[in-house]
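Student: 3D model of this:
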Amino acid sequence: MKNYQITQWCHHFIREQVSAGDLCIDATMGNGKDTLLLSELAGKDGQVLAFDIQPAALVHTRELLDSRGHYANYRLILDSHENLPQYARPETVSCIVFNFGYLPGGDHTKATKASTSIPAIAASLSLLKKGGLLSLCIYHGKDSGTEERDAIFRYIRTLDPRRFLVIASSYLNRPNHPPIPVLIIRL
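Tutor: Below you'll find the predicted structure:
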């Protein structure tokens, strides 16, 4: 692994997980980088559902995907990540990606909140097929995310260890509230 940013660290594991033909979800689309990666990995026979509540996220993601001349294997959805079960059946999804926090370059007051993020994580776990991966990037800091981070950790600590493997990592020598990567694998 040559890059040590949280997204690249998570992308390493996502690349190991997703195969051509898979159904994947980008639960927090943002600027579309995870959607692009999932689309590339799922290939022409796969499908990617990408969610965000901000119209600007859909615009940025569509521009990114169009600029790469990409597969038409994605659906950009203006809806909350807590509504994922309305778009996918249980035990059908190979990989679900979340980036908690605010839209990079966007309004910091429009950030994810525990009140929707916890139900979205819970719903995601039921959508994962056996061996499926849930990737969480938790951005927290002085202007947002501390309460959400704490709530997410309280919730994921309660997951049944016979059904889920939860791995949280941290950057111990980085200043300024570095993001926290978490991987959850359905057993």
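
Student: Any chance you could list what contacts the helix or strand hosting residue 181?
Tutor: For residue 181, the host element (DSSP states H and E) is strand 180-186. Contact with strand 180-186 is made by 6, 9-10, 13, 125, 128-138, 140, 149, 152, 156, 159, 163-170, as judged by CB atoms under 8 Å, 6 or more residues apart in numbering. From N, CA and C alone the C-beta is placed, and that goes for glycine too.

Student: who does the longest strand seen in the chain pair up with?
Tutor: Criterion DSSP state E: the longest strand present in the chain is strand 128-138. According to DSSP bridges, strand 128-138 forms sheet pairs with strand 93-100 (parallel), strand 180-186 (antiparallel).

Student: Flag every buried residue along it.
Tutor: Neighbour-count burial for strand 128-138, with 16 or more other CB atoms under 10 Å as criterion, is recorded at 128, 132-138.

Student: try stretch 20-28
Tutor: The neighbour-count check on stretch 20-28 (16+ other CB under 10 Å) flags 22-28 as buried.

Student: what's the answer for stretch 77-96, then?
Tutor: Buried residues in stretch 77-96, counted by 16+ other CB under 10 Å: 77, 80-82, 84, 88, 93-96.

Student: For my notes, please list the residues you listed in a markdown table and give distance to residue 185 and pLDDT for each entry.
Tutor: Converted to a markdown table, those look like this (distance: CB to CB, whole Å; pLDDT from 0 to 100):
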| residue | distance to residue 185 | pLDDT |
| --- | --- | --- |
| 77 | 25 | 97 |
| 80 | 25 | 93 |
| 81 | 19 | 91 |
| 82 | 22 | 91 |
| 84 | 18 | 95 |
| 88 | 18 | 97 |
| 93 | 13 | 98 |
| 94 | 11 | 98 |
| 95 | 10 | 98 |
| 96 | 11 | 98 |
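
Student: nearest spatial neighbour of residue 89, skipping sequence neighbours?
Tutor: residue 127 (7.5 Å; CB to CB, 6 or more residues apart in numbering).

Student: ok now do the one you found, which residues does it touch?
Tutor: When contacts are counted by CB under 8 Å, 6+ apart, residue 127 touches 25, 84-85, 88-93, 96.

Student: if we go to 7 Å?
Tutor: Going by CB atoms under 7 Å, 6 or more residues apart in numbering, residue 127 touches 84-85, 88, 90, 92-93, 96.

Student: Taking the residues you listed, tell me the two that lie furthest apart.
Tutor: Using CB to CB, the contacts of residue 127 span at most 12.6 Å, a distance reached by 90 and 96.

Student: So which residues of the protein form strands?
Tutor: Secondary structure of the chain by DSSP E: the strands cover 23-26, 47-52, 74-78, 93-100, 128-138, 164-168, 180-186.

Student: And those strands: which comes nearest residue 118?
Tutor: Nearest to residue 118, of the strands of the chain and by CB to CB, is strand 93-100 at 10.6 Å.
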